[in-house]
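*Asks:* missing the sequence, but the structure's below:
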Ligand SMILES: O=C(O)C1=C[C@@H](OP(=O)(O)O)[C@@H](O)[C@H](O)C1
Ligand SMILES: C=C(OP(=O)(O)O)C(=O)O
């Protein structure tokens with residue numbers, strides 16, 4: 001079977017971490033093939049509002065001139081829809097000196113951030129609120145010890161780890177709960193690439209002070225969450241797709257979605273520098289815990305009706321506080337398309353069905369839009385109320401998906 005390669009854009013998670021680290025590092029950093037999308041552009045713009053120097057003129061190489069954290073007397077920062085910008089950047093600002101007003105879109109304002117703001121207060125920051133928008137009065141971060149509940153978002157832990165080397169005394173964090181755990185591995189790897197000393201012993205993390213040093217150039221690998229839609233398209237249609245640049249040593253937990261497809265009967269190969277999926281005649285049903293890869297939950301939910309048996313996705317309560325309540329959004333939209341669905345507080349079960357056409361309410365959630373576009377490959381008449389909301393992480397998603405289908409049709 002001809003394998004069609006899809007040029008999946010760079011990882012949002014890696015790009016936004018690299019932006020933070022490069023801004024705080026000594027030296028100049030070049031990010032090669034960063035994700036160019038609303039989420040990362042908002043993060044870059046916010047860094048420039050905070051007084052850093054991020055050049056995004058060349059879409060294939062973003063340049064950041066780092067500076068030691070210092071005085072930036074005043075700044076108003078608006079990070080739009082991206083949670084990594086909204087949650088990572090206050091730690092960087094708090095390590096500096098000035099008054100910073102943080103705001104974000106209505107969608108992001110609804111999402112929780114209080115545990116992170118509480119932790120930053122314990123480290124020495126003065127913050128006048130528990131939700132976005134708020135004002136941060138920064139006077140450097142002492143550091144020290146704290147206990148953190150990252151059961152709703154691992155981004156709280158990442159934000160504190162990233163700020164750790166910028167504190168005066170370093171940081172010791174005891175984590176009581178952790179969701180989306182693989183993202184912490186991405187954080188630790190990148191911090192070490194920028195010269196930080198950070199160690200993990202079970203649920204205890206220790207970060208030494210001392211700042212960051214630029215590694216010079218950093219290649220950004222493709223986004224495994226975005227790759228899930230194209231892997232699912234192959235699994236759903238019995239075709240073959242390859243995603244180059246995403247391989248077995250990737251720290252991205254959402255590459256685990258390929259393994260879920262294999263468990264459902266797809267032929268999956270994860271090599272050193274590419275992942276390839278060929279769909280079976282029909283996918284088998286599955287029960288799967290997606291606690292640590294929940295961004296791909298909508299992708300699985302969207303192809304689930306075509307399985308030979310029920311698909312039950314468990315341990316996904318935190319999908320209710322993403323860009324929308326994704327658990328509910330998947331259930332409502334699948335029912336609109338004629339698919340029987342039952343749900344609980346932290347699970348969804350989808351029965352085999354032949355979805356009919358209908359209008360999908362994306363709730364301005366890029367992952368709902370992309371996931372149900374894949375379902376639309378098999379269900380004519382599915383239309384999205386807001387197809388352009390994919391700009392958050394994959395502005396050319398619809399072009400990439402239609403290009404994939406056209407290449408399959410040409411190969412017939
Ligand atoms: O750290 C990161 O880059 C991310 C962590 C995850 O969020 P949670 O830890 O809130 O689940 C994930 O949903 C998000 O897309 C990116
Ligand atoms: C939830 C997501 O991102 P964030 O939390 O960074 O907004 C996502 O990309 O699915």
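*Replies:* Perfect, thanks for sending it. None of the values given here were measured: they were computed from a predicted structure. Ligands and ions are numbered 1, 2, ... in the order given.

*Asks:* for the helix or strand of the chain with the lowest mean pLDDT, name the packing helices and strands.
*Replies:* Lowest mean confidence among the helices and strands of the chain (mean pLDDT, DSSP states H and E): strand 71-78, at a mean of 85. Judged by 3 or more C-beta pairs under 8 Å, 6 or more residues apart in numbering; DSSP states H and E, the packing partners of strand 71-78 are helix 38-49, helix 83-94, strand 97-103. Any C-beta I mention is one placed from the backbone N, CA and C, and that applies to glycine too.

*Asks:* got the buried residues for it?
*Replies:* Buried positions in strand 71-78, judged by neighbour count with 16 or more other C-beta atoms under 10 Å: 72, 75, 77-78.

*Asks:* one step back: identify whichever of the helices and strands packed on strand 71-78 lies nearest to ligand 2.
*Replies:* helix 83-94 (3.3 Å; C-beta to the nearest ligand atom).

*Asks:* state the helix or strand in which residue 243 lies.
*Replies:* Applying DSSP states H and E as the criterion places residue 243 in strand 240-244.

*Asks:* list the buried ones in that strand?
*Replies:* Quick answer for strand 240-244 (16+ other C-beta under 10 Å): 240-243.

*Asks:* what about residue 250, distance to residue 311?
*Replies:* From residue 250 across to residue 311, the span is 25 Å (C-beta to C-beta, to the nearest Å).

*Asks:* ligand 1 contacts on the stretch 301-412 of the chain?
*Replies:* residue 318 (C-beta under 6 Å from any ligand atom).

*Asks:* what about the helices in this protein?
*Replies:* In the chain, the helices defined using DSSP state H lie at 12-24, 38-49, 83-94, 106-109, 114-122, 155-163, 182-193, 224-237, 256-263, 297-303, 326-336, 366-375, 397-411.

*Asks:* packing partners of the first one?
*Replies:* If contacts are counted by 3+ C-beta pairs under 8 Å, 6+ apart, helix 12-24 sits against strand 28-32, helix 38-49, strand 53-55, strand 61-65, helix 83-94, helix 155-163, helix 182-193.

*Asks:* ok, it near ligand 1 or not?
*Replies:* Yes: remark: helix 12-24 sits within contact range of ligand 1 at residue 13, by C-beta under 6 Å from any ligand atom.

*Asks:* which residues touch the residue nearest to residue 269 when sequence neighbours are not counted?
*Replies:* Using C-beta to C-beta, 6 or more residues apart in numbering and skipping residues adjacent in sequence, the residue nearest residue 269 is residue 276, 4.6 Å away. For residue 276, the contact set (C-beta atoms under 8 Å, 6 or more residues apart in numbering) comprises 3, 240-243, 268-269.

*Asks:* same thing with residue 393?
*Replies:* Listed by C-beta under 8 Å, 6+ apart, the contact set of residue 393 reads 9, 12, 35, 37-39, 223, 225-226, 366.

*Asks:* switch to 10 Å and redo it
*Replies:* 9-13, 15, 35, 37-40, 81-82, 223, 225-226, 295, 366-367, 370 (C-beta atoms under 10 Å, 6 or more residues apart in numbering).

*Asks:* could I get the pLDDT score of it?
*Replies:* Residue-level confidence at residue 393 comes out at 98, pLDDT.
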